[in-house]
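A.B. asks: turn this into a model:
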Amino acid sequence: MAQPEDSAQPALHRFQRWSLMVGIMGLALCAVGAFFNLDQFFRAYLVAYFFWLGIALGCLAIMMVHYLTGGAWGIVIHRFLEAGARTLPLLALLFVPLVFGLQHLYVWARPEAVAADALLQHKTAYLNVPFFLIRAAVYFVIWVGVWYLLQHWSLAQERTVDGRVWRRSRLFSGPGLVLYGLAITFASIDWVMSLEPHWYSTIYGFMVMVGQGLAALAFVIVATALLADHWPLSDVIQPGHFHDLGNLLLMFVLLWAYLAYSQYVIIWAGNLLEEIPWYLRRTQGGWAWLAWAVILFYFVVPFLLLLSRDLKRNARALSALAAALTVMSFVDLFWRIEPAFQPVHLYVHWIDVVAAIGLGGIWLAAFVWFLRRRPLLPLHEPYVQEALAHGRE
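C.D. replies: Numbering: from 1, shown residues only. Here you go, the predicted model:
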């Protein structure tokens, strides 16, 4: 009996076309903004870039977690995770504009500032432009290399039911997660923490990893819910699958809150001159309101809502909450980065919005293009039958 046509393809094609158009228009407006305010352009581009890179890397990390743990929860989102991770080569290319903005973003990249600061002189062996660029290249080699191997084995799995292909992915995912974790830890130090080189946090890299996992999972839940009524997902996905994804989302919310609170308490208790200014900049003026918004809508409200079993089994309700969490992950990132440049008052420039939309349009167009190229369900992989049965429980 012939399989029904993939009804999601026309909708995905339209979304891809519109996303690409919006992305091109957004980046064109960014170019105009850069002509008038180059500093603001690079700041906005950094926030937007790190946000969309975080979703792609989060997809890669969650995919490796699924390879390691197995189970039914990851089968229905596996192709979405793969499509997100496949955008990493594109994101490596989109990193290039930041190379030309180092002196606009980082005080340690300005020779006159280094000459006037003894601490920056002490850190010059690590914080210098050539070594920064070499490290960035190494990070992308690691991330793209991990993605490439997993993608190669995933394509091989489509041609066979041999479980040995899956086992290769599982055996590699342990070291792959370690490589991802090391690379994003140093990348977060280089690209974000060094915006304020006098400040440091020993758990900052882990906070970034958890934030990326949270943003990626929230995004994937939204994408899955939007396509749940289209074949082949419509024949497979059940409330039980969304319940599992909701539980995993709750775990990420709790872990993020625990790390954020731990960092705050440690710095508050230490009360050291080189540490407390980071929080002082982000809890005064309008930034305090944004901090409260992050606490309420990135932790308190999602935590309370995700305690509900009914909400987690309702695809529409869960996806609405996941969409809000995706937006709040950008707000949280903006709150962590922008006060390094505007420490006194809350400041949102139109380029901040346009850069996020422009890069997002390009990224979403690439994501959908990769998603369309393969079946939405990995039918030859292990745990497929378990996923079908588990969803109906």
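
A.B. asks: okay, now P97: neighbour count?
C.D. replies: 17 (other Cβ atoms under 10 Å). In this view, the C-beta of every residue, glycine as well, is placed from N, C-alpha and C.

A.B. asks: check contacts around it.
C.D. replies: F42, Y45 (Cβ atoms under 8 Å, 6 or more residues apart in numbering).

A.B. asks: so where's the stretch 51-200 of the chain shaky on pLDDT?
C.D. replies: The model of the stretch 51-200 of the chain has pLDDT under 70 over residues 161-163.

A.B. asks: let's see that with 90 instead.
C.D. replies: When residues are selected by pLDDT under 90, those of the stretch 51-200 of the chain lie in 69-76, 152-170, 200.

A.B. asks: can you pull out the helices in the stretch 51-200 of the chain?
C.D. replies: 78-85, 88-94, 96-99, 102-105, 111-115, 118-122, 129-157, 163-191 (DSSP state H, counting those that start in this stretch).

A.B. asks: would TSV of those helices with distance to Q284 be doable?
C.D. replies: As requested, those are exported to TSV (distance: least, Cβ to Cβ, whole Å):
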stretch	distance to Q284
helix 78-85	36
helix 88-94	33
helix 96-99	28
helix 102-105	22
helix 111-115	24
helix 118-122	24
helix 129-157	30
helix 163-191	24
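
A.B. asks: which among those helices is found nearest to Y279?
C.D. replies: helix 163-191 (17.7 Å; Cβ to Cβ).

A.B. asks: buried sites along that closest one?
C.D. replies: 165-166, 168-170, 172-173, 176-177, 179-180, 183-191 (16 or more other Cβ atoms under 10 Å).

A.B. asks: now do F100 against W350, distance only.
C.D. replies: The spacing between F100 and W350, counted by Cβ to Cβ, to the nearest Å, is 21 Å.

A.B. asks: I'd like to know how many residues surround E158.
C.D. replies: 13.

A.B. asks: hmm, L377 and it touching each other?
C.D. replies: No - using Cβ atoms under 8 Å, E158 makes no contact with L377, being 11.0 Å away.

A.B. asks: for the record, mean pLDDT for stretch 10-17?
C.D. replies: For stretch 10-17, the mean pLDDT works out to 90.

A.B. asks: what does stretch 290-301 give?
C.D. replies: 96.

A.B. asks: and the contacts of it?
C.D. replies: Contacts for stretch 290-301 (Cβ under 8 Å, 6+ apart): 253, 256-257, 260, 282-283, 324-325, 328-329, 331-332, 334-335, 346.

A.B. asks: what about 7 Å?
C.D. replies: V253, A257, R282, T283, A324, L325, M328, V331, D332, W335, L346 (Cβ atoms under 7 Å, 6 or more residues apart in numbering).

A.B. asks: got the buried residues for stretch 56-73?
C.D. replies: 56-64, 66-67, 72-73.

A.B. asks: how about stretch 217-229?
C.D. replies: L217, A218, F219, V220, I221, V222, A223, T224, A225, L226, L227, A228.

A.B. asks: which other residues reach it?
C.D. replies: 8, 55, 58-59, 62, 76-77, 80-81, 233-234, 237, 245, 248-249, 252, 315-316, 318-319, 322-323, 325-326, 329, 376.

A.B. asks: looking at these, which are in strands?
C.D. replies: With strands defined by DSSP state E, no entry of the contacts of stretch 217-229 lies inside them.

A.B. asks: how about the helices in the stretch 201-350 of the chain?
C.D. replies: Under DSSP H, counting those that start in this stretch, the stretch 201-350 of the chain gives helices at 204-227, 239-270, 276-282, 287-295, 301-306, 309-312, 315-337, 350-372.

A.B. asks: and the ones you listed, which is most packed in?
C.D. replies: Scoring those by mean neighbour count under mean count of other Cβ atoms under 10 Å gives helix 204-227 as the most buried, with a mean of 24.

A.B. asks: any idea how far it is from the chain center?
C.D. replies: Helix 204-227 sits 6 Å away from the centroid of its parent chain (Cα atoms, centre = their mean, to the nearest Å).

A.B. asks: do the same with stretch 353-363
C.D. replies: Worked out by Cα atoms, centre = their mean, stretch 353-363 lies 14 Å from the chain centre.

A.B. asks: and stretch 87-98, by the same measure?
C.D. replies: That offset, for stretch 87-98, works out to 14 Å (Cα atoms, centre = their mean).

A.B. asks: do the same with stretch 255-266
C.D. replies: That offset, for stretch 255-266, works out to 19 Å (Cα atoms, centre = their mean).

A.B. asks: quick one: average pLDDT of it?
C.D. replies: 94.

A.B. asks: which residues are contacting it?
C.D. replies: Contacts of stretch 255-266 (Cβ under 7 Å, 6+ apart): S201, I203, F206, M207, V210, G211, L214, Y279, F299.
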